[in-house]
Every structure is written in C-alpha cells, then in structure tokens.
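Novice: mind folding the following:
(one chain, ligands or ions: 1)
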Amino acid sequence: MNKDNALVVFSGGQDSTTCLFWAKREFKQVYALSFRYGQKHEKEVDLARAIASKAGVDFSVMDVPFIGRLGHNALTDISLTMDEQIPDGAVCPNTFVPGRNLFFLSIAAVYAREKGISHLVTGVSQTDFSGYPDCRDSFIKSLNVTLNLAMDEQFVIHTPLMWLDKAETWALADELGVFDLVRHETLTCYNGIPGDGCGHCPACKLRREGLEKYLSTKNNK
Ligand code: ZN
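Specialist: Predicted coordinates:
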C-alpha cells in the first residue's frame, strides 16, 4: 500500500479541515478537492482554498452544479427554510443534499486515480450524522467496495471522524495543533458565516455544543 499520498474531500468546514491536517500527519503528500455544487454560500470554496494554501496542500475545485439542482434541499434552494431537526415523518432534515457524498467520493476517486492516489479521506461522522444516511459507516464501506469494482483499483476510504462526536473532533484538531485555525477560519455555518458562525442554525448549534463540551472537559483536567 502506498502511504505516500492521499486526497481529502475538502469543504473548508470544521470536519474536513480537521481531516486535512490529520491526513498531513498520516501521509507524505496531501491533495484537497472541493466542489461547487450549487451551495448558497460559494465563498466556502474561497475559504477552503485559503486553508489549503496555509496547509501547503495541492488544491482543486470541481464544478458539479447539477447536484444542487437534482435534489430539492435547503442548502442549494434559497426559497427553502432550513429544518432545525428531522421533521415528523421524514427520514432526514431538508439540509440533506441527496447523493452529495456519493457523487463527491465517486468524483474524488476518479480524480485520485488519474493522479495515482489510492487513499481518500472524508470527514463524515456517524456519531453526529444529523440524520444524513450518506454519513454512515455502512454507506462508506459499501461505496469503497463499489469504487474498487468500478475501476479495478484498491482505494481505501479513510474516515478519521466516523466514531468521534463534535467534542472529540475539537480535541483532535487541538492534538493536531490547529485548534485556533479550525475555530476561526473554517466555515460550518449554514448561513455562510465563518468561525463561530451565526450561532443558531443546526450546524452552528452542533459545532458550538461540541466546542463547549470539549473546552469544559479540557479545563477540568
Ligand atoms: Zn450558523
């Protein structure tokens, strides 16, 4: 297995930024791939580019606007109000972008193959998966097999955050020496505000609760 290089599916948010620096620790050379999929806040791509540059990793962007148009969701449709939680009778909140991780990882695998990279890294987490089915471990394992069969390759999809909650993800960022960078320069907020964000959207709530939990356990040590 070639542990020389890895490709990180990179949005510039808390999770994928932590994964980017995790990958830098684990692999000799790291590449980051971002996507313009019709998200309301395209500046996340600019923030991602800035973080990748700071991290000293190769950065590319793929334009895949069809993903936002295909499935009806609140991250790409400005007329929809975001669900704060999973509505009664629904499987997931309307902030779920159907197929997003399937497309992202599939495109990332083709891109990686062209570059001779077999390690893919994604920041999905089953622990805080917000009801998104494509953040679950079973989906990632299934897709890994599918990608290998599809291209006759030996890809390995790494999910360093799969079993971590948000507090543990903050702990990992701290351990990697990028706590302040992740806190102030990443964009997780569904309302497009970097750092601590708007404070009230579901993504901000999850991020803040994890941060408070991490800081309180750290201070009690
Ligand atoms: Zn927010």
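
Novice: which of the residues in the longest helix seen in the chain are buried?
Specialist: Taking DSSP state H as the criterion, the chain has its longest helix at helix 202-219. Under the neighbour-count criterion of 16 or more other CB atoms under 10 Å, helix 202-219 has 202-208, 210-211, 213-214 buried. The C-beta positions use only the backbone N, C-alpha and C, and glycine is treated the same way.

Novice: could you do stretch 72-89 as well?
Specialist: Buried, per 16+ other CB under 10 Å, within stretch 72-89: 73-76, 83.

Novice: between these, which is closest to residue 31?
Specialist: Within the buried residues of stretch 72-89, proximity to residue 31 (CB to CB) peaks at residue 75, which comes in at 24.6 Å.

Novice: ok, now which ones touch that closest one?
Specialist: By CB atoms under 8 Å, 6 or more residues apart in numbering, the contact set of residue 75 is 39-40, 68, 82, 95, 97, 190.

Novice: counting neighbours, which of those comes out on top?
Specialist: Using other CB atoms under 10 Å as the neighbour criterion, residue 97 leads the contacts of residue 75 with 23 neighbours.

Novice: grab the nearest non-local neighbour of it.
Specialist: Leaving aside its chain neighbours, residue 97 sits nearest to residue 73 (4.9 Å; criterion: CB to CB, 6 or more residues apart in numbering).

Novice: go on, residue 139?
Specialist: If the residues on either side of it in the chain are set aside, residue 139 comes closest to residue 133, at 6.4 Å by CB to CB, 6+ apart.

Novice: and what of residue 184?
Specialist: Spatially, and ignoring its direct neighbours in sequence, residue 184 is nearest to residue 195 (4.8 Å; CB to CB, 6+ apart).
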